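In: How does the following fold in three dimensions:
(4 chains)
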Number of protein chains: 2
Amino acid sequence: MKKNELIIECSIEKALNIIGSKWSFLILRELFCGTKRFGELERAVQGISPKALTDTLRHMEANDILVRDVYPTVPLRVEYTLTEKGQDFHKIIKEMKIWGSKWG
Amino acid sequence: MKKNELIIECSIEKALNIIGSKWSFLILRELFCGTKRFGELERAVQGISPKALTDTLRHMEANDILVRDVYPTVPLRVEYTLTEKGQDFHKIIKEMKIWGSKWG
DNA sequence: CAGCATCCAAAAGGATACTG
DNA sequence: CAGTATCCTTTTGGATGCTG
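Out: Residues are numbered from 1 along each chain as shown, chains lettered A, B, ... in the order given. Predicted coordinates:
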C-alpha cells in the first residue's frame, strides 16, 4: 500500500510503514538474539527467498531499524545488528508472542 | 504469503497469519472504541476500498477476531464487534502506538 | 559468502458498476 | 446501506544465473 503512505500519519500507521511487511517481524525476532549474518537469517527465517530477505533488510536499514556492517574479508562477511530503535520493538514482538500462544 | 502458512507454526507467525494484513491493525484500532458499522469503518480507515474492507472483515471473522451482526432492516444494518480474542489484541496495538510515537 | 539483475507468476488492492 | 462482481493495475515474491 504505497499510495496510503502519504495519507497515513498516526503513530500506529507510522509503525506499520516503518516495518513494511511480515518478513520484518520475523527478521526482528531473529536479531533480538544478537547480530546475525545474511546466511544465518536466510536459514532462520523459514521460507524467505534471498531476494525478499535483501529487500526487507534494505528497507529496515533505510528506516534505521538495523545497521549493516561489511567486513571485506574473503569470503565476504556481512552482519546485521539492531539499532536502539529496532531493539525497542521487542515489546511489540513480545506481546505478539503472548497473544499468539494464547489464541493461536 | 500463502505457501508459508503451512510451514509457519511459532506463536508470532500465528499472530501474523491470523491478522493477515496491515488493514486488520487499522480496523482493530477502530473497533476497540466499540461496535461499528460497515460505513463507519469505511470512513474511519483512511484510504480503504470497499473490497479491501470486505475481504479483511471476512478474514477477521473467519479467525474469530470479530463477529458480524446483520439487522435485516431497511436500510440494511450490519455491525462489527470484536470478540474477546480481538479485544485482547489491544496490548499489541498499544505497544505499537507507543513505539510509533516515540520513533516515528 | 552475500548479494544483484532479470524474468515471471501470484496476490493484493483500486475503480467502477450493480444489487438485495 | 452494505455489500458483490468484474476488470485491471500494482506489488510481492519465487527462480535462476551471475559477480566482487
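In: if I read this right, A:Glu95 contacts B:Lys91, doesn't it?
Out: Yes - using Cβ atoms under 8 Å, A:Glu95 is in contact with B:Lys91, at 4.8 Å. (Each C-beta comes from the backbone N, C-alpha and C, glycine too.)
In: Which of the two has more residues huddled nearby?
Out: Neighbours around A:Glu95 and B:Lys91, counted as other Cβ atoms under 10 Å in any protein chain shown, are more numerous at A:Glu95. The numbers are 21 against 16.
In: Check which helix or strand that one maps to.
Out: helix A:90-103 (DSSP states H and E).
In: any idea of the angle that helix forms with helix B:90-103?
Out: Angle, helix A:90-103 to helix B:90-103, by axes from the mean of the first three to the mean of the last three Cα atoms, to 10 degrees: 170 degrees.
In: List of residues touching the strand or helix carrying A:Ser24?
Out: For A:Ser24, the host element (DSSP H and E) is helix A:22-32. Helix A:22-32 is contacted from outside by A:19, A:36, A:40-41, A:44-46, A:48, A:52-53, A:56-57, A:59-60, A:65-66, A:80-82, A:86-87, A:89-90, A:93, A:96, B:1, B:12-13, B:16, using Cβ atoms under 8 Å, 6 or more residues apart in numbering or on different chains.
In: and A:Ala62, how many neighbours does it have?
Out: With other Cβ under 10 Å as criterion, A:Ala62 counts 10.
In: again with A:Lys94
Out: When neighbours are defined as other Cβ under 10 Å, A:Lys94 has 16 of them.
In: While we're on it, how confident is the model there?
Out: Predicted confidence (pLDDT) for A:Lys94: 95.
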